[in-house]
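S.K.: below: sequence and its predicted model.
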Amino acid sequence: MKRPIWTKAIVVLFLLIVTMDSVGIIFEDMTWRYIFKPLITPTLLALYFVKTSKVNKFYVVALCFAIIADALLLNSSNEFFVLAVGFFLLMHLTYIVIVTNDIRHYRMKSLSLAAIPFFGVFVTVIFLVFHNMNLFLWPIVIYGIVVCAFSALTFYNYLEKKTDTSLVLLFGSFFFIISNSMSAIEKFLLEKNDLAVAIMFTYSLAQFLICVHMIRKSKDAYIS
């Protein structure tokens, strides 16, 4: 079977898995969630391996952290939530390593300006949920700072290169900001899981776009 056919099959499978996980959220069926949610990131890992002959080990490690975090979030206890945040933190730190390896020159003024919109969103969200965070405050603050740093670097990277590939990465980090912001608002401000489907959709889209970026930037990527 040719690689383009494998690619289309995996993308369709990814969309199906995200849809089925959303169905599980809507109907509050944890059996479906236990089946489909842990498959979202491994499917992207399969897509990456199929499309790329020269594998970026940092990216593979980042996705492994994401797989563990997704599995931990299936447990609703606060302890598992904190552990999941820790693994997502490691994932974003690994993403930061990937981006910084692509940036050749740094201009601190431009980088600082690139960080403003993301840290603006972060401060706003923390302001909204601050009174309900209690012991979660510092883990969430540290995680939020790292996520914003990743997004700022992707914005700076795009401003420096102005390529379609760097734009895809920027959009990926942008949807991570949206997903994480909604997740914090839902957990610490809302009483119901009203944003759960939107959170998973934007999270899945963020991971997919970053995967597309990693495939495109590989010199030995197979072209469909």
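M.R.: Received it, and whenever you're ready, just let me know what you need. Numbers count the residues shown, from 1 in each chain.
S.K.: who's in contact with the nearest residue to Gln207 once chain neighbours are set aside?
M.R.: Distance criterion Cβ to Cβ, 6 or more residues apart in numbering; nearest residue to Gln207, sequence neighbours excluded, is Leu44 at 5.7 Å. Any C-beta I mention is one placed from the backbone N, CA and C, and that applies to glycine too. With contact taken as Cβ atoms under 8 Å, 6 or more residues apart in numbering, Leu44 is in contact with Phe14, Leu63, Gln207, Phe208, Cys211.
S.K.: between the residues you listed, which is nearest Glu191?
M.R.: When the contacts of Leu44 are ranked by distance to Glu191 (Cβ to Cβ), Gln207 comes first, at 28.1 Å.
S.K.: residues near that closest one, how many?
M.R.: By other Cβ atoms under 10 Å, 26 other residues sit near Gln207.
S.K.: what sits against it?
M.R.: Neighbouring residues of Gln207 by Cβ under 8 Å, 6+ apart: Ile40, Thr41, Leu44, Leu63, Ala66, Gly172.
S.K.: outside of stretch 121-128, which residues touch it?
M.R.: Residues from elsewhere that reach stretch 121-128, judged by Cβ under 8 Å, 6+ apart: Ile140, Val141, Gly144, Ile145, Val147, Cys148, Ile177, Ser181, Ala184, Ile185, Leu189.
S.K.: buried subset of those residues?
M.R.: Ile140, Gly144, Val147, Cys148, Ile177, Ser181, Ala184, Ile185 (16 or more other Cβ atoms under 10 Å).
S.K.: I figured the fourth one hits Phe119, correct?
M.R.: Meaning Cys148. Yes - with contact defined as Cβ atoms under 8 Å, Cys148 reaches Phe119; the gap is 5.0 Å.
S.K.: who wins on neighbours among the contacts of Leu44?
M.R.: Neighbour counts for the contacts of Leu44, by other Cβ under 10 Å, peak at Gln207, which reaches 26 neighbours.
S.K.: ok, back up a step: reformat the buried ones among the contacts of stretch 121-128 as JSON lines; add secondary structure.
M.R.: Putting the buried ones among the contacts of stretch 121-128 into JSON lines (DSSP: H, G, I helix; E, B strand; the rest coil) gives the following:
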{"residue": "Ile140", "secondary structure": "helix"}
{"residue": "Gly144", "secondary structure": "helix"}
{"residue": "Val147", "secondary structure": "helix"}
{"residue": "Cys148", "secondary structure": "helix"}
{"residue": "Ile177", "secondary structure": "helix"}
{"residue": "Ser181", "secondary structure": "helix"}
{"residue": "Ala184", "secondary structure": "helix"}
{"residue": "Ile185", "secondary structure": "helix"}
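S.K.: just to revisit the earlier point, quick check: phi and psi at the residue nearest to Gln207.
M.R.: Taking degrees, to the nearest 10, you get phi -70, psi -40 for the backbone angles of Leu44.
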